[in-house]
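Q: coords please:
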Amino acid sequence: PPRSTLFPYTTLFRSPHPQLPHEARLYKSLCGEGVCQMYWHGTTADGHYALILELLGPSAEELLHKCRSTFSIATVSQLAITLLDRFEFIHSRGIVHRDVKPQNLAIRLPPQPHDARRRAVREGRTASFDALMVIDFGLARAFYTADGHISMRRHQGRAGTARYASMNTHRGLTQSRRDDLESIGYLLVFLHRGRLPWQGVRAASRKEKHLKICEAKARTPLAELCAAMPGMQEYLHYVRQLAFDADPDYEHLRSLFLKQGHTVPADWAGPDQLLKDHLVAHLPRASASRLHRPGGDIRPPPRRHES
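A: You can find the predicted model right below:
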C-alpha cells in the first residue's frame with residue numbers, strides 16, 4: 001500500500017469498497033495495547049474511503065524467513081503467551097478476528113529516545129515480545145451484541161485462511177472465540193515446524209479444499225502434530241472442546257506455556273537491524289538513507305507547537 005503524504009511514517013489504505021469503514025469502526029473500539037493504531041479514517045477528495053494506520057515493521061512471516069523458517073520452542077512459548085494476551089483483549093471488546101495468520105502479526109517499530117516509555121514486562125516473556133501487534137480486521141466480526149452472544153448458524157461462509165482455520169470453520173459454522181484460539185494453535189505449530197501436514201492439498205473448489213483440510217486436521221493425532229512442543233497438545237485439546245458460546249479460560253491456557261519458564265529474547269535477535277532492513281526496503285531513498293547515520297532515528301522528531 002502507498003505511504004501517506006500527510007504522515008510519512010504511516011500507511012495509507014484506500015478502497016471504494018465498504019470493508020474499510022467496517023474495519024475503521026473496529027479499530028476505534030480496539031484502541032489499546034497490541035493492536036495497530038489508527039490515526040485517521042474518512043473519505044478522500046477523489047471519493048475513496050481511506051485509513052491511515054501506524055507503519056509497523058516486519059510481519060511474523062518475514063521474521064520466520066529471517067530465522068530459516070523455524071522459531072525455537074522458547075520463542076513459540078513466549079509468542080503463545082503474547083497472543084493470548086492480545087486476543088483476550090480483542091475478545092473482551094466483543095470481536096473475533098477470524099483470520100489469524102503470520103501475515104496479520106507485525107512488530108512495532110522501536111521508539112525514539114523522546115518517545116520511549118517504561119512498560120511493565122508481562123510475566124512469562126521478555127520485552128522483545130511486547131512489540132507484537134495484531135493487524136487486518138477486515139474479516140473480523142462482533143460475536144457479542146446488546147442482545148448477548150450471537151447464535152451459531154450453519155452453512156456460513158468460510159472466512160479466513162484455510163491453513164490455520166478451525167475445524168468448525170471448515171464445516172461452515174459461525175465463528176466465535178474458540179475458533180480464533182484454535183487458529184492460534186495451528187499458527188504456533190507452523191511457526192515452530194515451518195509446515196503443517198495439510199499444506200499442499202489440491203481440490204476442484206474452495207469448499208472442497210476446506211473439507212479436505214478439515215479431514216486432514218481431524219485424522220492427524222494431536223500427539224503427532226504437537227510432538228516436542230510442551231503445552232501445545234493440551235492447548236489444542238482444550239480449545240477444540242470449547243462450546244460455541246463458552247468463555248475461554250485464558251489464564252489456564254497461558255499457564256500451559258508459562259510453566260515452561262522461557263525468558264530468553266526472541267529468535268529475531270538484533271531486532272533493530274531487522275527493522276532497519278525492513279524500512280530500507282519499503283521507504284523512499286531519502287528517508288531510508290537516514291537509517292545509516294550513526295545514532296540516527298528511524299522516525300521523525302515530534303512536531304513543535306508554534307506559539
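Q: those helices in this protein, which residues are they?
A: 19-29, 60-66, 73-92, 167-170, 177-193, 206-219, 222-225, 232-240, 250-258, 271-282, 285-288 (DSSP state H).
Q: so where's the stretch 51-200 of the chain uncertain?
A: The stretch 51-200 of the chain contains residues with pLDDT under 70 at 111-125.
Q: Which stretch among the helices of the chain is buried most, on average?
A: With neighbours defined as mean count of other CB atoms under 10 Å, the helices of the chain peak in mean count at helix 177-193, which reaches a mean of 24. Bear in mind the C-beta positions are built from the backbone N, C-alpha and C, glycine included.
Q: Now do it against helix 73-92, angle only.
A: Counting by axes from the mean of the first three to the mean of the last three CA atoms, to 10 degrees, helix 177-193 lies at 160 degrees to helix 73-92.
Q: Centre of the chain to helix 177-193, how far?
A: 11 Å (CA atoms, centre = their mean, to the nearest Å).
Q: what packs against that helix?
A: Packing contacts for helix 177-193, counted by 3 or more CB pairs under 8 Å, 6 or more residues apart in numbering; DSSP states H and E, involve helix 73-92, strand 95-96, helix 167-170, helix 232-240.
Q: ok, residues contacting the third one?
A: By CB atoms under 8 Å, 6 or more residues apart in numbering, the residues outside helix 167-170 that reach it are 158-160, 162, 175, 178-179, 182, 210-211, 213-214, 217-218, 240, 244.
Q: now I184: how far from N104?
A: Computed as CB to CB, to the nearest Å, the I184 to N104 distance reads 11 Å.
Q: Spatially nearest residue to K212, not counting backbone neighbours?
A: For K212, the nearest residue in space outside its immediate sequence neighbours is V201; the separation is 4.9 Å by CB to CB, 6 or more residues apart in numbering.
Q: what's the one you found in contact with, if anything?
A: K209, K212, I213, A216.
Q: Quick check: the two most widely separated of these?
A: Farthest-apart pair in the contacts of V201 is K209 and A216; separation 10.6 Å (CB to CB).
Q: Convert the C-alpha atoms of stretch 19-34 to PDB, please.
A: C-alpha atoms of stretch 19-34 as PDB (Å, rounded to 0.1, in the frame of the first residue of the first chain):
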ATOM      1  CA  GLN A  19     -14.900  -3.100   4.000                       C
ATOM      2  CA  LEU A  20     -12.700  -0.200   5.200                       C
ATOM      3  CA  PRO A  21     -15.500   1.700   7.100                       C
ATOM      4  CA  HIS A  22     -16.300  -1.500   8.900                       C
ATOM      5  CA  GLU A  23     -12.600  -2.000   9.700                       C
ATOM      6  CA  ALA A  24     -12.300   1.600  10.900                       C
ATOM      7  CA  ARG A  25     -15.200   1.100  13.400                       C
ATOM      8  CA  LEU A  26     -13.400  -2.000  14.800                       C
ATOM      9  CA  TYR A  27     -10.100  -0.200  15.100                       C
ATOM     10  CA  LYS A  28     -11.800   2.600  17.100                       C
ATOM     11  CA  SER A  29     -13.300   0.100  19.500                       C
ATOM     12  CA  LEU A  30     -10.000  -1.800  19.800                       C
ATOM     13  CA  CYS A  31      -7.800   1.100  20.700                       C
ATOM     14  CA  GLY A  32      -5.300  -0.500  23.200                       C
ATOM     15  CA  GLU A  33      -2.200  -2.400  23.700                       C
ATOM     16  CA  GLY A  34      -1.200  -4.900  21.000                       C
END
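Q: ok now it, how far from the chain's centre?
A: Distance, stretch centre to chain centre, for stretch 19-34: 14 Å (CA atoms, centre = their mean).
Q: Could you list the residues in contact with it?
A: Here stretch 19-34 has contacts from 13-14, 35-38, 41, 49-51, 53, 82, 85-86, 89-90, 93, 95, 132-134, 137-138, 140, using CB under 8 Å, 6+ apart.
Q: Please indicate which of those residues are buried?
A: Neighbour counting with 16 or more other CB atoms under 10 Å marks 13, 35-38, 41, 49-51, 53, 82, 85-86, 89-90, 95, 132-134, 137-138, 140 as buried within the contacts of stretch 19-34.
Q: just to revisit the earlier point, got TSV for the helices and strands packed on helix 177-193, with distance to R25 too?
A: Below are those laid out as TSV (distance: least, CB to CB, whole Å):
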stretch	distance to R25
helix 73-92	14
strand 95-96	10
helix 167-170	23
helix 232-240	28
